[in-house]
Structure formats: structure tokens, C-alpha cells
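Novice: give me a 3D structure for the following:
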Amino acid sequence: MKFAHLTLMMGLALTSACSQAEPPMVSKNTSVVAATTPANVEETIRNTLKQAIPDAEILSITPSVAGLYAIKAKGYASTAYMTADGKYMFQGEIIEIEGSKLTNITEKGMADVRKAALANVPLKDMIIYPAAEGKTKGVVYVFTDVDCGYCRKIHQEVPVMNNMGIEVRYLAFPRAGYPSPTSQKMDAIWCNAKPTEAMTAMKNNQPVPPASCENPIKSQYELGQELGVRGTPAVFLEDGNQVGGYLSPKDLAAAMKIK
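Specialist: The predicted structure is shown next:
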């Protein structure tokens, strides 16, 4: 059974490997939780999931709120939650309510995951358009496809963004998958001696010589899937929050709180 299928079953009872696991420490403010998962809880949850979903690759088990633990699995963008004894799992968003203030705990957790994942991508593996010299005010990560119309539109506005102090870091996300004719086009960009020029040329429907080399396109495509990218362009801030879709330079600057 696939991880995605199982997590859609709200409250599904699973066989517990240990019924004495301790829940995470939670203060009166339920957003404050223990920093790490107790070893016995992690073992319980992993054993339970191994029995129930043998093909799932569990990436992390972290404390959440109200005695729950957040589960991330490879290849699956959404977060699932389990009780400490491994008996119950559900998928959905957790919203913290404090008077009129609503905080999406699930999205905040996802943003933290995205922030760490994007920061771990080597700079040499991205195609980077830096801000104008001495003007850098922030960085955005853009998962891009060379064939999509809005990817081309946002690329036409990259010089404006650079002049506003925004550095644009491109990662590959061929929407047709990997391998595919689109990914081969992107090979030609990433393997070009001048990748920034090749990117601009291809997005302007100008010819770029075919090329192949060892490149990060497959790994970046898989990273995008794990971070919840479903279309392009997909724009992320350094804090891990996704702000688009296509945004105009003005709207992007507003999202980044850049003046």
C-alpha cells in the first residue's frame, strides 16, 4: 500500500509495536513542542509504518502539537501525523487558534522543511541571476521549465528583479518528467559553458546546441516533487514559503518585504 493512500484514511488504526510510548511535551501554548522525537517513539512509529507500508521511505519524524508527530516520506509532499503509540494516522492541516489569530502549523512546518532543503542545494547546481552589484536585498528560488509560458514571462522580468535587489536562483523542473524531451532541452542549458546565456536564449525561442553531461536536473526535479511543486514557475522565498506561481516584480518585492 502506498504511503499516499494510507494517509488519506483519517484515523486508520494500525498495529502498534509498542503501546507505552510517551507523547511529546506540550506547553499550554500548543505550538511549543519538544525539539526532538524520543527514541522509543521514533522506533514505534517506524516499526508500525514498516509493517503497514513496506515501500515507504520515511525521511523524518518530528514532534508536532497535541501529542502528535509529523511524518515526512520521500516523494510525497504532504505531511501526515501519527500518535506516539503508532495506532492512529491522519493527513490534513493543523490550525492553531488563538482568539482571532489563526496559524497554519502544517504550512509552517513545511516551510521549515523547504528552507532547509533549498539551502542545501549547491550554488554551482543552480543557474543564478545575481542582483545588481551592491544592491542585493534578498533571494528567491524558482523551479522552472523551459517550455511553459509563465516561466518565459517571469524570465523576461528577471533583469528588473535584479535591479530591485532580488537574486534569482533557478532549479530545473521539467513538467513532462524525467527523462523527457523537455529535460533534454534543460540538459543543453545546464551543460552549456554559459548556462545563464543559454537559459535566456532558449526561453526566447533561440537555438541552443544539444549537450549532455552529469547534471542535477533529475535530483532537482525530484526535490521539487518532495517540496510540493505541481506546476511552473514555482517561486519560493529563503524562509521556505511558496509565494507563486508567476508574480510581477512588484508583487514579488512585496512578498519579500523589499522596498
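Novice: for the stretch 51-200 of the chain, what are the low-confidence residue spans?
Specialist: Of all residues in the stretch 51-200 of the chain, none has pLDDT under 70.
Novice: how about the helices in it?
Specialist: 105-119, 149-156, 158-163, 181-190, 195-203 (DSSP state H, counting those that start in this stretch).
Novice: could the ones you listed go into CSV alongside distance to Gln225?
Specialist: C-betas here are computed from N, CA, C, even on glycine. Shown next, in CSV, are these (distance: least, Cβ to Cβ, whole Å):
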stretch, distance to Gln225
helix 105-119, 12
helix 149-156, 17
helix 158-163, 24
helix 181-190, 14
helix 195-203, 22
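Novice: centroid-nearest residue for this structure?
Specialist: For the chain, the residue nearest the mean C-alpha position is Leu227 (2.2 Å; Cα atoms, centre = their mean).
Novice: so what's that one up against?
Specialist: Taking Cβ atoms under 8 Å, 6 or more residues apart in numbering, we find Leu227 in contact with 77, 113-114, 117-118, 236.
Novice: gap between stretch 225-233 and the chain center?
Specialist: 7 Å (Cα atoms, centre = their mean, to the nearest Å).
Novice: how about it: buried residues?
Specialist: In terms of neighbour count (16 or more other Cβ atoms under 10 Å), stretch 225-233 has its buried residues at 225-227, 229, 232-233.
Novice: of the residues you listed, which is the nearest to Asn241?
Specialist: Leu227 (11.3 Å; Cβ to Cβ).
Novice: now the two most distant members of the buried residues of stretch 225-233.
Specialist: Glu226 and Pro233 (17.6 Å).
Novice: tally of neighbours for the closest residue to Val235 other than its chain neighbours?
Specialist: Using Cβ to Cβ, 6 or more residues apart in numbering and skipping the chain neighbours, the partner closest in space to Val235 is Gly244 (4.0 Å). Neighbours of Gly244 under the rule other Cβ atoms under 10 Å: 17.
Novice: give me phi/psi at Gly244?
Specialist: Dihedral pair for Gly244: phi -170, psi 180, per degrees, to the nearest 10.
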